[in-house]
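> here is a sequence with its predicted model. Questions after.
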Amino acid sequence: PETHDDGIARKSDGGVAAGSIVPRADDYLAPVCHHFGVNHLPDGCDAEGGPHAPAGATRPCDLIGGCTLCDIEKVPYIDELDPEDNVDVRLAQTKEIRERGLIKPEVEWAADGWVVVTLFLPAAPRVAEFAALEFGRAMNLQECEVINRQVMHPAEGTLIEMKGRLDVVVDPARLVIPPEPVVMQDEEIKAFVAEKGLKCVAATVGEDEHSVGMREIIDIKHGGLEKWGFSCEYLGTSVPVEKVLDAAIEHAAQVVLISTIITHGDMHRSNMEKLADLAVEKGVRDRLLLISGGTQVTDELARGWGMDAGFGRGTAGINVASFIVETMRERGM
């Protein structure tokens, strides 16, 4: 940047690092490789050797038998200097966890137990911070510390991020993990859909304007049901349950898909139960597959509320398509 007329007084021969630049001599030699700047082998250093260098020396470090950049064996091993805070002590503390294949949260060191908890508290920042510490202790977290706080809105409250140590281990051998859903091959689904001429009626029901999730399931652009030849009639959002069922009857559909994102007042439950009851009332329940989806929907809940299946987070079109084909085969639909 310009320095003229900036009002800062400077000494022409003084200041930080003045006079510290020293020209390098023409015969400068440092006995290491990859040296920055000019480096010279001594005179007489050639294939025959000389008074200051061994025979065949071609690099400065040949003068000292090689440097650490060329010979890794010259790098000395320095063990931990602290007798208490070192890797051997830390590994000894978690030896059983590693040997038994147990799982414990970790961040800095293996199985150190650190976890991060996010809370929203309807309180001012300082009150929320100390309240969060109390919640952390109630959750049996040790060494709790608030690492971030952010006011969402003065009338609403504060978002808190808190860290703490969780002294709990999990044995993966004791976990009950449901199997991954099995999906069918594309060609098998396409053949069944073409044979049956499958049609779907889809909508987001109730007073709900969410549409992205349903589009992901049915739209060919997102690998949805249309990809395998399903004929999908999308009714839109905030659709009354009665209209969905009437459309299914009108289009002679075999599948009804409803999205239920809003769960306030158990709206998702009431919409599913209403759809199932209406299908029974109109005498079409046996020839329809009723499928619901949403962020708070599980298969167990949906079946308990009259659906044939429920799909939640992470569902893709292939999951729904596979379920439809497999279920229709089992029921002879």
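Looks like it arrived, so ask away.
> list the buried residues in stretch 98-107.
104-105 (16 or more other C-beta atoms under 10 Å). For glycine as for every other residue, the C-beta is placed from the backbone atoms N, C-alpha and C.
> contacts for that stretch, please.
Contacts to stretch 98-107, defined as C-beta atoms under 8 Å, 6 or more residues apart in numbering, come from residues 91, 94, 96-97, 110-115, 166, 168-173.
> what is the end-to-end distance of it?
The first and last residues of stretch 98-107 sit 16 Å apart, counting by C-alpha to C-alpha, to the nearest Å.
> distance between the helix or strand of the chain with the lowest mean pLDDT and the chain's centre?
Least confident helix or strand, the chain: helix 87-93 with a mean of 88, by mean pLDDT, DSSP states H and E. Offset of helix 87-93 from its chain centre (C-alpha atoms, centre = their mean, to the nearest Å): 29 Å.
> what's in contact with that helix?
Helix 87-93 is contacted by residues 80, 98, 109-110 when judged by C-beta under 8 Å, 6+ apart.
> dump the C-alpha coordinates for that helix into CSV.
Extracted in CSV, the C-alpha atoms of helix 87-93 (Å, rounded to 0.1, in the frame of the first residue of the first chain):
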residue,chain,number,x,y,z
VAL,A,87,-0.9,-41.9,24.7
ASP,A,88,0.1,-45.0,26.7
VAL,A,89,-1.9,-43.9,29.7
ARG,A,90,-4.9,-43.0,27.6
LEU,A,91,-4.9,-46.3,25.7
ALA,A,92,-4.6,-48.2,29.0
GLN,A,93,-7.8,-46.5,30.2
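> in it, what's buried?
For helix 87-93, a neighbour-count test (16+ other C-beta under 10 Å) marks residue 90 as buried.
> how far off centre is the next helix or strand after that helix?
Once helix 87-93 ends, the next helix or strand along the chain (criterion: DSSP states H and E) is helix 95-100. The chain centre lies 27 Å from the centre of helix 95-100; the measure is C-alpha atoms, centre = their mean.
> quick one: neighbours of the nearest residue to residue 210 once chain neighbours are set aside, just the number.
Excluding the flanking residues, the one nearest residue 210 by C-beta to C-beta, 6 or more residues apart in numbering is residue 261, at 4.2 Å. Other residues near residue 261 number 22, with proximity taken as other C-beta atoms under 10 Å.
> so residue 18 sits in a strand?
No - using DSSP: H, G, I helix; E, B strand; the rest coil, the assignment for residue 18 is coil, not a strand.
> show the subsequent helix or strand relative to the host helix or strand of residue 194.
When elements are assigned from DSSP H and E, residue 194 belongs to helix 186-196. Where DSSP H and E defines the elements, the next helix or strand beyond helix 186-196 is strand 199-204.
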